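A.B. asks: starting from these lines, generate the structure:
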Amino acid sequence: MKKLLLIIPIIIAIAGFFFVKVSADNSNYIKKGAYMSDKKVLIAYYSYSGNTKQLAEKIQKQTNADMFEIKTVKAYPSSYNAVVEQAKREKTEDVRPELQAKVDNIQNYDVVFLGTPVWWYTMAPALKSFISENDLNGKIVVPFCTHGGGGASDTFTDIAKLSPNAKVLKGFAVYETSAGDKEVSDWLKGLDL
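C.D. replies: As a prediction, the model looks like this:
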């Protein structure tokens, strides 16, 4: 009986050690894996030439977010000059083209990444349509864009104007397809989501 009384504290001590060790390991695991894991994330993007789609896919690879490609009912012309002229006209007339599909459950998302090529110093009209048709109130909006050399221009400020009741974070602008995985990763980490 005396031996049993001596062994019980040792057993309790050993069990306590393993319990604390397992708990500590679990909490470290949770911290390491918590990058946006507590948020429902959507990446919605419009891509004409494929550059913005490539960037959206790089973001998705690192965030494991749901993807939604914004497509217009009426396709843009394949000729570059024709697209440039149409985009200029649509910007001047504030055209918001009809979209092929909608996100049925936008209310379920906490964070919405919005991607677009830069057309005439701002977002493509298709993204304007998407923002107008979806309630982004109270959401975290993260803009990103691809451009041909002129930078983001007014793209991010215009997205913020169309999303006045959302928290719009720092945008990410990339020349064509020049962003590498590390550059995307550094930007995402800097968002502190």
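
A.B. asks: quick one: low-confidence ranges for this protein?
C.D. replies: Applying pLDDT under 70 to the chain flags the ranges 1-36.

A.B. asks: need the next SSE after the helix or strand harbouring residue 58, C-terminal direction.
C.D. replies: Assigned by DSSP states H and E, residue 58 falls within helix 51-63. Downstream of helix 51-63, the next assigned helix or strand under DSSP H and E is strand 66-69.

A.B. asks: circling back to that earlier point, tell me how far the helix holding residue 58 is from the chain's mean position?
C.D. replies: 9 Å (C-alpha atoms, centre = their mean, to the nearest Å).

A.B. asks: other SSEs contacting it?
C.D. replies: Packing contacts for helix 51-63, counted by 3 or more C-beta pairs under 8 Å, 6 or more residues apart in numbering; DSSP states H and E, involve strand 41-45, strand 66-69, strand 111-119, strand 140-147, strand 172-175, helix 181-190. (Glycine included, C-beta is placed from N, CA and C.)

A.B. asks: show me the contacts for the most centrally placed residue in the chain.
C.D. replies: The chain has residue 113 as the residue nearest its centroid, 3.0 Å off, counting by C-alpha atoms, centre = their mean. If a contact means C-beta atoms under 8 Å, 6 or more residues apart in numbering, then residue 113 has 41-45, 56, 59, 63, 65, 141-144 as its contacts.

A.B. asks: ok, now with 7 Å
C.D. replies: Shown in contact with residue 113 (C-beta atoms under 7 Å, 6 or more residues apart in numbering): 42, 43, 59, 65, 142, 144.
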